[in-house]
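K.L.:
Test case, fold it:
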Amino acid sequence: MSIIFDADKQVFLLNTPGSTYVIRIFSGLYLLHGGWFRRITNWSDLCVPPVLDHSFSPNPAETYGQSVFSHDSQPSEYPSAGRGDFRMAALEADLQDGSNVLDLLYKTYRIIQGKPLLQGLPATYVCDENDADTLEIDLEDTKTGLVVTLCYTVWNTYDVICRHTVVQNRGEPVLLRRIMSTSIDFFGTRYKMLQLSGAHARERHVILRRIEPGLLGIDSRRAMSSHQQNPFIALLAQNADENNGEVFGFSFVYSGNFTAQVEADQFNMTRVQVGLNPDSFSWTLKSGESFCSPEVVMVRSENGLGGMSRIYHDLYRNNLCRGTWKTKERPIVINNWEATFFDFTPEKLFNLAASGVKSGMELFVLDDGWFGKRNNDHSSLGDWNVNEIKLQGGISAIADGMNKCGLGFGLWVEPEMISPDSDLYRLHPDWCIHIDGRSRTLGRNQCVLDLSRDEVVSYLEEVFIDVFSSADISYVKWDYNRCPTEVSQQISHMYILGLYRLLETLTTRFPYILFESCSGGGGRFDPGMLYYMPQTWASDNTDALSRVQIQMGTSIVYPACCMSCHVSIVPNQQTGRVTPLEQRAHVAMAGVFGYELDLTGLTDAELTQISEQVQLYKKIRHTVQFGDLYRLETPWSEKSPDEVTNYSAWENVAKDGSQIVLIVVWTYAESNVPPENIRLRGLDENMMYRVTESSVRKPNMYIPGEKGQLYGGAELMNAGLYISFIPECGQSVQIVLERA
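P.N.:
As a prediction, the model looks like this:
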């Protein structure tokens, strides 16, 4: 059993394979946090921090004469407002007496084998009841009748603890204003906070900030997890880096508004909280009702950021993603969007598909413009009937034609949106999110359907069951191209619950369809969506050098099989930059590989090169999508500016160690610089490895990494490969090694 309760010491020990999370009951009343350490086998009073009397730290009446205990100076496991803790509260509610004061006292606990599902919410799950154990601790505010259940799932196979909170009301109605899924008080403030931040077409850049006294945090108020802030933060010990040191990760399994905050207090403790954003949340809880918060996945690593990332990757691949495609290699896609935009005919589509077949591609995706009167982005969202003028014979004729060519068929949809110029809007103008008496804000010439309404969700279920049943569709790209506005606090969370209900229905009804999430690129790249759709379009920015930053930041939490990456045209439409076709492919091969360009307009030499890229990716696909990732050199650095390298490098290692894929990309070229020493990781020191594929090419010169060369594992990890920037060899290098 991974959860132990010591009744004599009144201590819970939550044991993952390599760590112990401690919860203490103080004076039979208050739940305190005892620390999260490397694995320990027992608990001693020597490890308990002293209770000290501090000025201006009030003492609750329940402990008078026993100690100088104060909520203000102790590490709390789930702090509430108004009883002496002046830091951030984990739970706040407007009560019938006009106050927001709660006194959450320990009541009881339960230990459950396995992991119960979260009703109506995505969450990690066990494949076997022995994978994890769950602790439920009840706290009660006796005055109001509120019972708060803290839920901890402790994994037996990962250094992971998952948390969420359930509030039950057994008294008069209350208005929940703030409910955090996790709250932890760390001793000390010698940490750095890592966040994944950016903008549309510049998502998930790694930002590191030192913890200082006061509040530090990120959030989203956009009714989506957002391009600007990913629902994830990490605390890094001061000496932690990519490969070494203690790191704590906090990933929120949710697709809407969130907050992730860090507070360093006057006594040098660091409080971390993650949950629903209280600025856009309120929930009336009537007597007899309960509210369940989304899940936070907490990871502890002693092997730096890289160790933390590999834990998230394994957990999310195996115990978050679901369905037929969970463990299947993802197909190589050709998407028509950048080739045709809205202007296409069946002839154009089949010509593009024919070029894709010759290059070895596996799936054709018909993007926006196939429905209603959709010839631009001004109309027809909501009218999901086929545009017969463009597509005689309908979707089934296109799908059948693609299948005869040897390609699977995929379709783009944007179910959550509605155009004011649409039959659906004219029939149901009240179905979009709005506030009566106010004008409606448009984004990309469209409104957002109100998925907090049951009738809207039911309508979409019916419509898209018909669409997805109308042809042999094996892939769906689900887009979401604007943030909702005029969203009241009452429906913000209800919208997300409605979305999850819709996704549960459709993904259950069509388990063989590979669903890919998209939101103007990576605006909804979060664990909540991955529960329903096992991959996400990483960014609308497909520039190779921009994608290095975006994809490496994404890899902090999310595995390669979840990250959709395509090769597009140059000059790039987002940056105007021209990069070699080879470099664009090397970067895109870091995830789920595909193409988003007009193959019919390329030269024979370019088509030959693409065909070679496709064949190579098929050889390395399983290692990239399901192996272990090692970031060897990252675009971000804690080093001084003059030590920052001008390249990035990453390595994928097959789970059985049989294949290694190394990619080096120069993000800044300079003449006459010494070769870069690339030291690989995750190999067997006693094994030999042979280069089976390599983009290194320079006649009459020995260059490390050329095809056929043989290396020892110890040599590759300890001495490394010296790889030079040679203009004739391109601006990136890809080397594949296999165990000899």
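
K.L.:
just for the stretch 1-150 of the chain, where's the confidence low?
P.N.:
Applying pLDDT under 70 to the stretch 1-150 of the chain picks out residues 45-46, 63-66.

K.L.:
can you pull out the strands in it?
P.N.:
Per DSSP state E, counting those that start in this stretch, the stretch 1-150 of the chain carries strands over the ranges 3-6, 11-15, 19-26, 30-38, 91-94, 105-113, 132-141, 146-155.

K.L.:
just the angle between the last one and strand 19-26, please?
P.N.:
Right, strand 146-155. Angle, strand 146-155 to strand 19-26, by axes from the mean of the first three to the mean of the last three CA atoms, to 10 degrees: 160 degrees.

K.L.:
do the second one as well
P.N.:
Here strand 11-15 points in a direction 170 degrees away from that of strand 19-26 (the same axes, to 10 degrees).

K.L.:
Let me see the contact set for the spatially most central residue of the chain.
P.N.:
Most central in the chain under CA atoms, centre = their mean is Asp526, positioned 3.5 Å from the mean C-alpha point. Listed by CB atoms under 8 Å, 6 or more residues apart in numbering, the contact partners of Asp526 are Ser225, Asn230, Pro231, Phe252, Val253, Tyr254, Ser255. Just so you know, the C-beta spots here come from the backbone N, C-alpha and C atoms, and that holds for glycine as well.

K.L.:
any idea which element the second one lies in?
P.N.:
Secondary structure from DSSP states H and E places Asn230 in strand 229-237.

K.L.:
Quick check: which element contains the residue nearest to Val167 when sequence neighbours are not counted?
P.N.:
Leaving aside its sequence neighbours, Val167 sits nearest to Phe291 (CB to CB, 6 or more residues apart in numbering; 4.9 Å). Assigning secondary structure by DSSP H and E places Phe291 in strand 290-292.

K.L.:
list the buried ones in the helix or strand that that strand is followed by?
P.N.:
Going down the chain from strand 290-292, the next helix or strand is strand 295-301, by DSSP H and E. Buried residues in strand 295-301, counted by 16 or more other CB atoms under 10 Å: Glu295, Val296, Val297, Met298, Val299, Arg300, Ser301.

K.L.:
Can you name every helix or strand that the helix or strand just after strand 295-301 contacts?
P.N.:
As assigned by DSSP H and E, the chain's next helix or strand after strand 295-301 is helix 304-319. In this structure, helix 304-319 makes packing contacts with strand 229-237, strand 247-253, strand 295-301, strand 628-633, judged by 3 or more CB pairs under 8 Å, 6 or more residues apart in numbering; DSSP states H and E.

K.L.:
Tabulate those (JSON lines), appending distance to Ile25 and mean pLDDT.
P.N.:
Converted to JSON lines, the helices and strands packed on helix 304-319 look like this (distance: least, CB to CB, whole Å; pLDDT from 0 to 100):
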{"stretch": "strand 229-237", "distance to Ile25": "25", "mean pLDDT": "98"}
{"stretch": "strand 247-253", "distance to Ile25": "23", "mean pLDDT": "98"}
{"stretch": "strand 295-301", "distance to Ile25": "21", "mean pLDDT": "98"}
{"stretch": "strand 628-633", "distance to Ile25": "40", "mean pLDDT": "97"}
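
K.L.:
Most tightly packed of those strands?
P.N.:
Per residue and on average, the most neighbours among the helices and strands packed on helix 304-319 fall to strand 295-301, with a mean of 27 (mean count of other CB atoms under 10 Å).

K.L.:
Can you tell me the strand partners of that one and which way each runs?
P.N.:
Its sheet considered, strand 295-301 pairs with strand 160-169 (antiparallel), strand 247-253 (antiparallel) by DSSP bridges.

K.L.:
angle of the longest one against helix 304-319?
P.N.:
Read that as strand 160-169. Using the same axes, to 10 degrees, strand 160-169 lies at 60 degrees relative to helix 304-319.

K.L.:
if we can go back for a sec, return the distance of the strand holding Asn230 from the chain's centre.
P.N.:
11 Å (CA atoms, centre = their mean, to the nearest Å).

K.L.:
partners of it, with directions?
P.N.:
Assessed with DSSP bridges, strand 229-237 is paired to strand 191-199 (antiparallel), strand 247-253 (antiparallel).

K.L.:
what angle sits between the shortest one and strand 30-38?
P.N.:
Between the direction of strand 247-253 and that of strand 30-38, the angle (the same axes, to 10 degrees) works out to 120 degrees.

K.L.:
Write down the beta-bridge partners of Val11, one by one.
P.N.:
Bridge pairing for Val11 - DSSP bridges - gives Asp6, Arg24.

K.L.:
let me redo that: Phe252
P.N.:
Beta-bridge pairing of Phe252 under DSSP bridges involves Val296.

K.L.:
cool, Met193 as well?
P.N.:
Arg209, Leu235.

K.L.:
Correct me if wrong: it contacts Leu216.
P.N.:
Yes. Met193 is within contact range of Leu216, at 5.8 Å (criterion: CB atoms under 8 Å).

K.L.:
quick one, which of those two is more surrounded?
P.N.:
Set Met193 next to Leu216 and count neighbours by other CB atoms under 10 Å: Met193 wins out with 22 against 18.

K.L.:
residue contacts, that one?
P.N.:
Leu208, Arg209, Arg210, Ile211, Leu216, Ile233, Ala234, Leu235, Leu236, Val262.

K.L.:
Tell me the one of those residues nearest Phe12?
P.N.:
Among the contacts of Met193, Leu235 lies closest to Phe12 (CB to CB), at 21.7 Å.

K.L.:
which residues does the closest one contact?
P.N.:
Phe186, Tyr191, Lys192, Met193, Leu194, Ile211, Val247, Phe248, Val262, Thr270, Val272.

K.L.:
How about Met589?
P.N.:
Contacts of Met589 (CB under 8 Å, 6+ apart): Cys565, Gln613, Leu616, Tyr617, Ile620, Val624, Val661, Ile663, Gln734.

K.L.:
Out of the residues you listed, flag the one nearest to Tyr109.
P.N.:
Nearest to Tyr109 out of the contacts of Met589 is Val624 (CB to CB; 43.4 Å).

K.L.:
Buried residues, the helix or strand hosting that closest one. List them.
P.N.:
Per DSSP H and E, Val624 falls inside helix 604-626. By 16+ other CB under 10 Å, the buried positions in helix 604-626 come out as 609-610, 613-614, 616-617, 620-626.

K.L.:
Flag the shaky bits of the stretch 301-450 of the chain, pLDDT-wise.
P.N.:
Those would be none, if you go by pLDDT under 70 across the stretch 301-450 of the chain.

K.L.:
now the helices: where do they sit in it?
P.N.:
Under the criterion DSSP state H, counting those that start in this stretch, the stretch 301-450 of the chain contains helices at 304-319, 337-340, 346-359, 394-405, 423-427.

K.L.:
Next: the stretch 501-650 of the chain.
P.N.:
Secondary structure of the stretch 501-650 of the chain, counting by DSSP H, counting those that start in this stretch: helices at 527-530, 544-554, 581-588, 604-626.

K.L.:
so how far is the shortest one off the chain centroid?
P.N.:
Relative to the mean C-alpha coordinate of its chain, helix 527-530 is positioned 7 Å out (CA atoms, centre = their mean).

K.L.:
Mind exporting the C-alpha coordinates of it to PDB?
P.N.:
Only the C-alpha atoms of helix 527-530 are listed here, as PDB (Å, rounded to 0.1, in the frame of the first residue of the first chain):
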ATOM      1  CA  PRO A 527      -4.200  17.900 -20.600                       C
ATOM      2  CA  GLY A 528      -8.000  18.300 -20.500                       C
ATOM      3  CA  MET A 529      -8.200  18.200 -24.300                       C
ATOM      4  CA  LEU A 530      -5.600  15.300 -24.500                       C
END
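
K.L.:
And it, what does it pack against?
P.N.:
strand 247-253.

K.L.:
ok so, going back, any chance of TSV for the strands of the stretch 1-150 of the chain, columns mean neighbour count and distance to Glu414?
P.N.:
Shown next, in TSV, are those (neighbours: other CB atoms under 10 Å; distance: least, CB to CB, whole Å):
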stretch	mean neighbour count	distance to Glu414
strand 3-6	16	44
strand 11-15	21	42
strand 19-26	21	42
strand 30-38	19	42
strand 91-94	21	36
strand 105-113	15	40
strand 132-141	21	37
strand 146-155	23	35
